[in-house]
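Novice: Got a sequence here, can you model it:
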Amino acid sequence: MTAAGSEELVALAGVTCRYAAEDVLVAVDLDVAPGAFVGVVGPSGSGKTTLLRVIAGSMQPVRGTVTRRRGLRIAYVPQVETIDWSFPVTVAQCVLMARVRGRRLPWPSSAERAAVGEILARLDIEHLRDRHIRELSGGQQQRVFIARAMLGEPELLLMDEPTSGVDVRLRHEILHLLDDLNARGLAILLTTHDLNGIAAHLPHVVCLNRTVLGAGRPADVLTPDVLERTYGASMQVLEHGGMPVVVDSFAHRHDPVTGLSDRSVV
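Specialist: Take a look at the predicted model:
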C-alpha cells in the first residue's frame, strides 16, 4: 500500500509472512521515519532478511499491511557474501548497473558518468573506479554496493548484515560511513548480528525473532529480559562509557582440571 503525506517512510502493521507452511514473521508492527537509523538484531532464522524484503516490496505478507510514502525511493544492499565477485566488471561499471531500467540508450550518458564519479568520491573510492571488483578489500566491496544503491538517490537504504565477515577496523569504517550518510538525511535500516559493535552505537534498535520483541534506544532495548526472549539464551548487560555491553552468561559445567561437573567440585 502507498499513502501520500504520511509522516513515516514505511509503516508495517500486523505483518505476517510465510515460507511454505511456516510463518517467518508474525504480526510485526514497525515504523521507519524520515532520517531514521535503525538496527535490527536477532538470531539466524529470526526473519531479519525477510523483513527487509517486505519493506523493499520484493515479498508480500500473507496478513497485515505495508504502507509506503508515495514515490518513496528505496535501495537495498544484500550481504556481500551473496555476490559473485568474479564477475568481470570494474567498480564504475558495477555502480552503473544500477541505472534506471527502460532507458533508451544502452550506454551511460555523460551525466550518469559524472554522477558515478561524484558518488565514488563521496565514498572515498573514486581512485578505484577502474579496478576490477574482485581486487577489492571487504570494506571497499561494501562501499561499491553502497555506491550502487546511492546512484538512485534513495530516501531509505536497506542493508543486510553490512559488517558480516569484516574485521574490527572495517566494521568501524563502515559504521562511520553510514553515520555520515545518515547525517545527510538518508534513512537507514540494517540487520546485524553485532550487538556491541553496531547495535549499541545506533540511535534505535529492534529486537526481532519472528515478531518484534523490543524497539527503542539501545539502553532501553538491550536488556537481559528482552535479549533472552530474542535469543533464547541468558545474557548479561554491562554499562561502559554510557552504552550497554552485552555478554553471554555461559558458565563451565565442568572443572577444567578435574573434569568433574561444577556441582561435584569441592
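Novice: contacts for stretch 45-60?
Specialist: With C-beta atoms under 8 Å, 6 or more residues apart in numbering as the contact definition, stretch 45-60 has outside contacts at 10, 12, 15, 17, 24-25, 28, 30, 32, 40-42, 61, 66, 68, 74, 76, 156, 158, 160, 189, 191, 208-210, 230. For glycine as for every other residue, the C-beta is placed from the backbone atoms N, C-alpha and C.
Novice: how distant is that stretch from the center of its chain?
Specialist: 11 Å (C-alpha atoms, centre = their mean, to the nearest Å).
Novice: same check, this time on stretch 38-46
Specialist: For stretch 38-46, the distance to the chain centre is 9 Å (C-alpha atoms, centre = their mean).
Novice: Quote the end-to-end distance of it.
Specialist: 17 Å (C-alpha to C-alpha, to the nearest Å).
Novice: swap in stretch 191-204?
Specialist: End-to-end for stretch 191-204, by C-alpha to C-alpha: 12 Å.
Novice: Looks like Leu170 contacts Gly138 (just checking).
Specialist: Yes: Leu170 is in contact with Gly138 according to C-beta atoms under 8 Å; the separation is 5.7 Å.
Novice: related to what we said a few turns ago, so which of the contacts of stretch 45-60 are in helices?
Specialist: Here DSSP state H is the test, and these give Thr230 as lying in helices.
Novice: Kindly list the longest helix within the chain.
Specialist: Max-length helix for the chain by DSSP H is helix 168-183.
Novice: What mean pLDDT does that one get?
Specialist: If you average the pLDDT over helix 168-183, you get 86.
Novice: tell me which residues of that helix are tucked away?
Specialist: 170-175, 177-178, 181-182 (16 or more other C-beta atoms under 10 Å).
Novice: How about Gly117: what's its closest non-neighbour residue?
Specialist: Closest residue in space to Gly117, ignoring its immediate chain neighbours: Glu126 at 6.2 Å, by C-beta to C-beta, 6 or more residues apart in numbering.
Novice: so what's the backbone phi/psi at that neighbour?
Specialist: phi -60, psi -30 (degrees, to the nearest 10).
Novice: hang on, it packs against Leu120?
Specialist: Yes: at 4.1 Å, Glu126 counts as touching Leu120 under the criterion of C-beta under 8 Å.
Novice: same for the longest helix of the chain, what does it pack against?
Specialist: Under the contact criterion of 3 or more C-beta pairs under 8 Å, 6 or more residues apart in numbering; DSSP states H and E, helix 168-183 touches strand 37-41, helix 138-150, strand 187-192.
Novice: you'd agree Pro244 is up against Gln236?
Specialist: No: when contacts are counted by C-beta under 8 Å, Pro244 is not listed as touching Gln236 (10.2 Å).
Novice: Compare neighbour counts for the two and give me the winner.
Specialist: Pro244 (21 against 11; other C-beta atoms under 10 Å).
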